[in-house]
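Novice: My questions concern the predicted model and sequence given below.
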Amino acid sequence: MQVIPSDALNQEESSSSNMANKSSAVPSNGKLYPFLSISCAVFGVLAGYLAGHQPSGAGWRFFSYHPFLMTIGFITFMGNAALVKKRGGYVNTKRHAILSGLGFACALGGWFVIYRNKDSMGRPHLTSNHSLAGITTLITCGIVGLVGSIGLHPDFGRAKTNIRMRFMHKWIARIAIAGGWITCFTGLKQLTSDWGVLGTLVVPLLILAPFTLI
């Protein structure tokens, strides 16, 4: 099992981030990072607000908090969590954990809203591909977050120097975020068939994806 000496962890994170930036065609830090971070944050909020008003003319209601919370959870917070981790270092690792936790909390809130909404209408749960994808993504994020918070914590994580564990955590988390983005789209598609509205979600995500998830 390959490990990184604990006293060199922070230096390794910083240097590996710099190496990645030099080799990556789409670096997410440096001068580009603030723009990407703000874009993720603002777009997530606006897209969630727009989704909450679908179908057109429906207005804001209790259900609206489901797409709103899911969207800001997976795009605004988790998207920024992935971006800041790419910068490397001790402080950014902690910021990554905080943003990931906030994103998961929002997504959990979104799940609670749709659960209560379906209960109030007497509808069964987990009957569509969208709902199954959503609960799978949510559980995956919860497990990845728990393992990362305990095992990979930069202060006390017992596996924080384990290269294999860190690699698995990174890529499973990115796949989960991508799954969340796709699930947000399938949910919006259930609310509207207007490709003008759908495009406002899809196009920015396609632009952000290479910088955030690769």
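Specialist: That came through, no problem. Numbers count the residues shown, from 1 in each chain.

Novice: Any regions of the chain where pLDDT drops low?
Specialist: Across the chain, the ranges flagged by pLDDT under 70 are 1-29.

Novice: Work out which residue lies at the spatial centre of it.
Specialist: Met78 (2.9 Å; CA atoms, centre = their mean).

Novice: so that one makes contact with Ala97?
Specialist: No - Met78 sits out of contact with Ala97 when judged by CB atoms under 8 Å, with a separation of 11.7 Å. Heads up, the C-betas are built off the backbone N, CA and C, glycines and all.

Novice: Identify the residues contacting whichever strand or helix holds His66?
Specialist: Assigned by DSSP states H and E, His66 belongs to helix 65-71. For helix 65-71, the external contacting residues (CB atoms under 8 Å, 6 or more residues apart in numbering) are 44-45, 47-49, 51-52, 54, 106-107, 109-111, 113-114, 117, 134, 180, 183-184, 187-188, 191.

Novice: how distant is it from the center of its chain?
Specialist: In this view, helix 65-71 has its centroid 13 Å away from the chain centroid, taken as CA atoms, centre = their mean, to the nearest Å.

Novice: other SSEs contacting the helix or strand that that helix is followed by?
Specialist: Counting by DSSP H and E, the element after helix 65-71 in chain order, helix or strand, is helix 78-85. Using 3 or more CB pairs under 8 Å, 6 or more residues apart in numbering; DSSP states H and E as the contact test, the elements touching helix 78-85 are helix 33-52, helix 90-121, helix 163-191, helix 195-213.

Novice: got the angle for helix 78-85 vs helix 33-52?
Specialist: With axes from the mean of the first three to the mean of the last three CA atoms, to 10 degrees defining the directions, helix 78-85 sits at 170 degrees from helix 33-52.

Novice: who's in contact with helix 78-85?
Specialist: Against helix 78-85 from outside (CB under 8 Å, 6+ apart): 28-29, 33, 36-37, 40-41, 44, 92-93, 95-97, 99-100, 103-104, 141, 170, 173-174, 177, 180, 208, 211-213.

Novice: Not counting sequence-adjacent ones, nearest residue to Lys160?
Specialist: Leu152 (5.1 Å; CB to CB, 6 or more residues apart in numbering).

Novice: Contacts only, for the one you found.
Specialist: Ala159, Lys160, Met165, Arg166, His169.

Novice: From Pro154, how far off is the fourth one?
Specialist: Translated: Arg166. Going from Arg166 to Pro154 by CB to CB, to the nearest Å gives 11 Å.

Novice: who touches both of these two?
Specialist: By CB under 8 Å, 6+ apart, the residues touching both Arg166 and Pro154 are Lys160.

Novice: Help me confirm that Pro124 is found in a helix?
Specialist: No - assessed with DSSP: H, G, I helix; E, B strand; the rest coil, Pro124 is coil; it does not lie in a helix.

Novice: okay but it is in contact with Lys118, surely?
Specialist: Yes - between Pro124 and Lys118 there is a contact under CB under 8 Å: 7.4 Å.
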